[in-house]
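Peer 1: Quick one, structure for this:
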Amino acid sequence: MECIVLAGGLGTRLQSTIGAMPKCMAMVAGQPFLFHLFRYLETQKCTRVILSLGYMHQMVENWLIGTDWEFEIEIVIEKEPLGTGGGIALAMQKARAQHVFVLNGDTMFHVDLNAMSAFHSSHKSCTTLALKSMEHFERYGLVEIDERHCVQSFQEKKFYAHGLINGGVYIIDKKHFEEKNLGTQFSFEKDYLERFVFEKLFFGFETANYFIDIGVPEDYAQAQIDFVKTEN
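Peer 2: Residues are numbered from 1 along each chain as shown. Here you go, the predicted model:
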């Protein structure tokens, strides 16, 4: 199991709370968020992580020196912001597998990655998205799927009473992704998912498991509570 972790973000909305540091290094329950994400990947039997870094990458690299994980870690560094798609494309150059997991370095979504992989294979999916059912939300866009779980559309961010959101965990067919030749700087969501959804090759894997995105102060504070409970 090979996983790309996107951890190059500036954390603009969190800077008033955590100061100048990558979001993945924000302290949660006494450890950087990346520590908790890596522990989750160990439980999923991940064998290799390609860590895509950018802003203040030295802080992450210095932290890694004092850690020991059950998987191999390779680092790629964005010399300039490449967007979510560009960060994935850069890391994908180091991928050995044909089907690669991608996770955000500021989101914890307890997806059963082996079950998701089986779903991805059985549906012959080019990209599988982990989807989370949510009630009364406006921070996320809506993902619409049909009875086969094939993604039909992505709706803009606004208030929804209920629906499925993109949880930021993907399995990507490397060949299909790279054949699009999207360049070095682009949005994965806008320039890949939304642009090519018409091909009907993207599928949604639904799970009700724990989800949190620490990108805003309110959810960062909630993570402090949730992760302490988990540790105990």
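
Peer 1: Next, the contact list for the closest residue to residue 97 other than its chain neighbours, please.
Peer 2: Residue nearest to residue 97 in three dimensions, not counting chain neighbours: residue 2, with 4.3 Å by Cβ to Cβ, 6 or more residues apart in numbering. All C-beta spots, glycine's among them, are computed from the backbone N, C-alpha and C. For residue 2, the contacting residues are 46, 47, 48, 49, 50, 95, 96, 97, 100, 101, by Cβ atoms under 8 Å, 6 or more residues apart in numbering.

Peer 1: Output the longest strand belonging to the protein.
Peer 2: Ranked by residue count and defined by DSSP state E, the top strand of the chain is strand 160-173.

Peer 1: Test for you: state the pLDDT assigned to the closest residue to residue 169 other than its chain neighbours.
Peer 2: The shortest distance from residue 169 to any residue other than its chain neighbours is 3.8 Å, reached at residue 130 (Cβ to Cβ, 6+ apart). Residue 130 is assigned 98 on the pLDDT scale.

Peer 1: Go ahead and list the helix or strand containing residue 130.
Peer 2: Per DSSP states H and E, residue 130 falls inside strand 127-137.

Peer 1: in its sheet, what does the following helix or strand past that strand sit against?
Peer 2: Downstream of strand 127-137, the next assigned helix or strand under DSSP H and E is strand 142-145. When pairing is defined by DSSP bridges, strand 142-145 lines up against strand 151-155 (antiparallel).

Peer 1: ok and the strand it pairs with relative to strand 160-173, angle-wise?
Peer 2: 120 degrees (axes from the mean of the first three to the mean of the last three Cα atoms, to 10 degrees).

Peer 1: Let's test this: mean pLDDT of strand 151-155, rounded?
Peer 2: 95.

Peer 1: just the strands in the chain please.
Peer 2: 2-6, 27-28, 31-32, 48-53, 72-77, 99-104, 107-109, 127-137, 142-145, 151-155, 160-173, 202-206, 211-213.

Peer 1: just to revisit the earlier point, of all the residues in the strand holding residue 130, which ones are buried?
Peer 2: Neighbour-count burial for strand 127-137 flags 127, 128, 129, 130, 131, 132, 134, 137 (criterion: 16 or more other Cβ atoms under 10 Å).
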